[in-house]
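need a structure here:
(2 chains)
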Amino acid sequence: MAKTATPSAVQAFTIQLIVSRFNPETDEESRWESFDVEVFSTDRVLDALHKIKWEQDGSLTFRRSCAHGVCGSDAMRINGRNRLACKTLIKDLDITKPIYVEAIKGLPLEKDLIVDMEPFFAAYREVKPFLIANSKPEKGKERLQSIENREIFDDTTKCILCAACTTSCPVFWTDGQYFGPAAIVNAHRFIFDSRDDSAKERLEILNDKEGVWRCRTTFNCSEACPRGIQVTQAISEVKAAVLRGRP
Amino acid sequence: MSKVITPPVSQMKASRGGTLYRGREGMWSWVLHRITGVAIFFFLLVHILDTALVRAYNAVISSYKNPIMGLGELGLVGAIMFHALNGLRIILIDFWSKGVKYQRVMFWVVVGVWVVLFAGFAPRHLINVFSEVGH
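Down below sits the predicted model:
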């Protein structure tokens, strides 16, 4: 019997990653730094960032937790588009050119790829993203809901609060007071929930100068959402609900 | 081994402020809508002033009759046509239940209709502008 050939090593290739760096202690503004990284075709942008941090420059700072597209920690602007670094395969990008990675825009930059998410979560809290029910469910039972009623807000339950949508919005870049797509998506999730009794209150909150009417339908949010939520559609539905005065 | 290098300036398509956001039809239609909107506003401002001041009206109108203003009028008509057509698209996005779904198709329809209208207008207008120069 012929000796089985050893499987050839998986082909690695070198890419150039240009990362926006910012050290609040020494820098006045962010600067670009280039790294050459050896990666495999199965690697994601997050893996390349890990390689840089572990092998080349330990000071590179970015957020990530689950690293599998669930926690929403590693939204960043990759080649000019907001993406999760853990869901972006390098081979899907144009690797003949350098890959640009920078922090999401519109929120205060803290260090390298990390921004202060507090303004984002403040807007989220303002829309009361929790169930407000006036009635009590039958003793020992849960609140019932038909499949059709659940379907109405199914899309907006998928949000992981990564801020990719809000920080892709040209209105949000220039007007930090705007609630932003993510807050409206999470308001939508409860406004159209048949078990919730506070839709009117939320519609009133969003019927504000800085509420849904700031939306200019640029559709950047829908393109950016890593969960595929039709964000602009959700905002449109909230706009229509405000005009009707009920969900 | 890999080393940290500073990219040459020629490769720096990204500026210090960051890369330009690579939005799609929705974002660029909004950008164009803004630009044409502001341009039309400034034209209207001047236009209302020159029609309001009756004595200045004839002088201003006759000063429009030169090739540079003629080309400006061409741009003005182009801007108004885009702003009007895209405005209809935005109305449909807001009030038609399927508007959001078809926004990208509607953008290319806007571009198509604009090209047809502009192709009809531009030659006729340019002939007028440049045939009057000699007189």
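
OK, contacts around the residue in chain A positioned nearest to chain B?
The nearest approach of chain A to chain B comes at residue A:219, 3.0 Å away (CB to the nearest CB). For the C-beta atoms, the positions are set from N, CA and C on the backbone; glycine is no exception. When contacts are counted by CB atoms under 8 Å, 6 or more residues apart in numbering or on different chains, residue A:219 touches A:232, B:23-27, B:103-104.

Residue B:78: which of these is nearest?
When the contacts of residue A:219 are ranked by distance to residue B:78 (CB to CB), residue B:25 comes first, at 18.5 Å.

can I assume that closest one is in contact with residue B:109?
No: contact criterion CB atoms under 8 Å: residue B:25 and residue B:109 do not qualify, at 11.1 Å.

Mind pulling the model confidence for the residue of chain A closest to chain B?
Residue A:219 is assigned a predicted lDDT (pLDDT) of 97.

likewise residue A:204?
97.

State the three-state secondary structure for it.
helix (DSSP: H, G, I helix; E, B strand; the rest coil).

Tell me how far it lies from residue A:187.
Look at residue A:204 and residue A:187: by CB to CB, to the nearest Å, they are 11 Å apart.

Comparing these two, which residue is more hemmed in?
When residue A:204 and residue A:187 are compared for neighbours, residue A:187 comes out ahead with 29 against 13, by other CB atoms under 10 Å in any protein chain shown.

Could you say which helix or strand holds the more buried one?
helix A:181-191 (DSSP states H and E).

so residue 76 is in which element?
Picking chain A for this. Short version: residue A:76 belongs to strand A:75-78, going by DSSP H and E.

My question was about chain B, not that one.
Under the assignment here (DSSP H and E), residue B:76 is part of helix B:67-95.

Of all the residues in that helix, which ones are buried?
Residues B:70, B:74, B:76, B:78-79, B:81-83, B:85-86, B:89-90, B:92-93 are the ones in helix B:67-95 that count as buried (16 or more other CB atoms under 10 Å in any protein chain shown).

tell me the contacts of residue A:231?
Counted by CB under 8 Å, 6+ apart, residue A:231 has contacts A:165, A:181, A:184-185, A:221-222, A:225.

Okay, now the unreliable bits of chain B?
B:1-17, B:132-135 (pLDDT under 70).

end to end, how far does stretch A:99-118 reach?
28 Å (CA to CA, to the nearest Å).

Go ahead and measure how far the helix holding residue A:187 is from the middle of the chain.
14 Å (CA atoms, centre = their mean, to the nearest Å).

hmm, who's touching that helix?
So helix A:181-191 is contacted by A:120, A:123-124, A:126-132, A:153, A:156-157, A:159, A:161, A:163, A:165-166, A:169, A:172, A:196, A:198-199, A:202-203, A:205-206, A:211-212, A:215, A:221, A:229, A:231-232, A:234-235, A:237-238, A:241, A:247 (CB under 8 Å, 6+ apart).

what do you get for stretch A:71-83?
In contact with stretch A:71-83 (CB under 8 Å, 6+ apart) are residues A:45-46, A:62-67, A:84-86, A:88, A:93-94, A:99-105, A:113, A:160-165, A:167-168, A:220, A:223-224, A:226, B:18-22.

out of those residues, which are inside strands?
A:84, A:99-102 (DSSP state E).

quick one: the closest residue to chain A within chain B from residue A:220, how far?
Nearest to chain A, among the residues of chain B, is residue B:26, at 3.0 Å (CB to the nearest CB). From residue B:26 across to residue A:220, the span is 7 Å (CB to CB).

The two: which is more packed in?
Taking other CB under 10 Å, residue B:26 and residue A:220 do not tie; residue A:220 has more neighbours (29 against 22).

right, and the more buried one touches residue B:22 too?
No: the criterion here is CB under 8 Å, and residue A:220 misses it with residue B:22 at 9.5 Å.

Which residue is the nearest non-sequential neighbour of residue A:200?
What sits nearest to residue A:200 in space, not counting adjacent residues and going by CB to CB, 6 or more residues apart in numbering or on different chains, is residue A:246, at 7.0 Å.

contacting residues for that neighbour?
A:199-200, A:203 are the contacts of residue A:246 under CB under 8 Å, 6+ apart.

which stretches of chain B form strands?
B:4-5.

circling back: what about the helix holding residue B:76, distance to the chain center?
Worked out by CA atoms, centre = their mean, helix B:67-95 lies 6 Å from the chain centre.

And stretch B:97-114, by the same measure?
On CA atoms, centre = their mean, the centre of stretch B:97-114 falls 17 Å from that of its chain.

Pull out the buried positions in stretch A:205-221.
In stretch A:205-221, counting by 16+ other CB under 10 Å, buried: A:205-207, A:211-212, A:214-221.

Can you flag which of those residues belong to helices?
Residues of the buried residues of stretch A:205-221 located in helices (DSSP state H): A:205-206, A:220-221.

can you tell me which two in those residues are farthest apart?
A:205 and A:220 (23.3 Å).

Could you export whichever helix in chain A runs longest as PDB, CA atoms only?
Longest helix in chain A by number of residues, with DSSP H as the criterion: helix A:231-244. The C-alpha trace of helix A:231-244 is given here as PDB (Å, rounded to 0.1, in the frame of the first residue of the first chain):
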ATOM      1  CA  VAL A 231     -34.300  48.800  10.500                       C
ATOM      2  CA  THR A 232     -35.700  51.500   8.100                       C
ATOM      3  CA  GLN A 233     -38.900  49.400   7.700                       C
ATOM      4  CA  ALA A 234     -39.300  49.300  11.500                       C
ATOM      5  CA  ILE A 235     -38.800  53.100  11.800                       C
ATOM      6  CA  SER A 236     -41.300  53.600   9.000                       C
ATOM      7  CA  GLU A 237     -43.800  51.500  10.900                       C
ATOM      8  CA  VAL A 238     -43.300  53.500  14.100                       C
ATOM      9  CA  LYS A 239     -43.700  56.800  12.000                       C
ATOM     10  CA  ALA A 240     -47.000  55.400  10.700                       C
ATOM     11  CA  ALA A 241     -48.100  54.400  14.200                       C
ATOM     12  CA  VAL A 242     -47.300  57.900  15.500                       C
ATOM     13  CA  LEU A 243     -49.500  59.400  12.800                       C
ATOM     14  CA  ARG A 244     -52.300  57.000  13.700                       C
END
